[in-house]
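Colleague: sharing a model that was predicted from the sequence below.
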Amino acid sequence: MTDVSQAFVGAGPVPCADHPDVETRLRCSRCGKPICPRCGVRTPVGMRCPDCAGTRSSVAANPTQTVVAAGAGLVVAALAGIGWGFYPAWGFYWALLLGFGTVEMMVRFLRKPRGSDLQAIAIVIVLFGIVLSRVILAQRLGVELAALSEFGPAAQRALNLRPVPDLLFAVLPVLIAWVRFR
């Protein structure tokens, strides 16, 4: 029969995964990563690391993946914005493509696609696509951007803006981004 101390030969203190200057004997009950009492999260099934407990934001957990995901979303938003600028009559479809295309492309590059930080990033990217579409439409129709500051009926007609549908088409992709990363 083996002694208990022989069974746990490698169970001495090890550096914490998040705080290398702190030695610990505590490990995450899910993934086994060494954690110290500062970063450990109490759950009903034992102590867990912030990643397994779901307390760490996805941006903080993996900033490189977030930047890549935001870049991919930005490409989709730019393409949808350019398309919307050239074919404004298809506003509903461009709004769906802008919303769903941007967020689903971002999700492909993320491990944990949730959180208010990702909501904010996705909403900013979607708003970029909407503004890009209106800038392209204004340039195509010969409306100077300075003239848009006094946003009157002439500017609305020049940009092919109809108050209710266009406002709904602008809100739709923002709502999609907000709900998807909730």
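Modeller: Sure thing, it's come through. These figures come from a predicted structure and were not determined experimentally.
Colleague: ok, Pro88 to Pro165 distance?
Modeller: As judged by Cβ to Cβ, to the nearest Å, Pro88 and Pro165 stand 11 Å apart. For glycine as for every other residue, the C-beta is placed from the backbone atoms N, C-alpha and C.
Colleague: ditto for Cys16
Modeller: Distance of Cys16 to Pro165, given as Cβ to Cβ: 55 Å.
Colleague: go on, Val103?
Modeller: Distance, Val103 to Pro165, using Cβ to Cβ: 22 Å.
Colleague: in terms of neighbours, single out the busier of the two.
Modeller: Neighbours were counted for Val103 and for Pro165 using other Cβ atoms under 10 Å; Val103 has more, 28 against 12.
Colleague: which of the helices or strands spans that one?
Modeller: Here Val103, judged by DSSP states H and E, is contained in helix 102-108.
Colleague: show me what that helix is in contact with.
Modeller: Under the criterion Cβ atoms under 8 Å, 6 or more residues apart in numbering, residues 69-70, 72-73, 75-77, 80, 113, 118, 121-122, 125-126, 129, 173, 176-177, 180-181 lie in contact with helix 102-108.
Colleague: do the same with stretch 41-51
Modeller: Under Cβ under 8 Å, 6+ apart, the answer for stretch 41-51 is 17-18, 26-31, 33, 35, 39-40, 53, 55-56, 61.
Colleague: the residues you listed: which two are farthest apart?
Modeller: Leu26 and Ala61 (19.7 Å; Cβ to Cβ).
Colleague: sorry, back to before: pull out the buried members of the contacts of helix 102-108.
Modeller: Among those, those buried by neighbour count (16 or more other Cβ atoms under 10 Å) are 69-70, 72-73, 76-77, 80, 113, 118, 121-122, 125-126, 129, 173, 176-177, 180-181.
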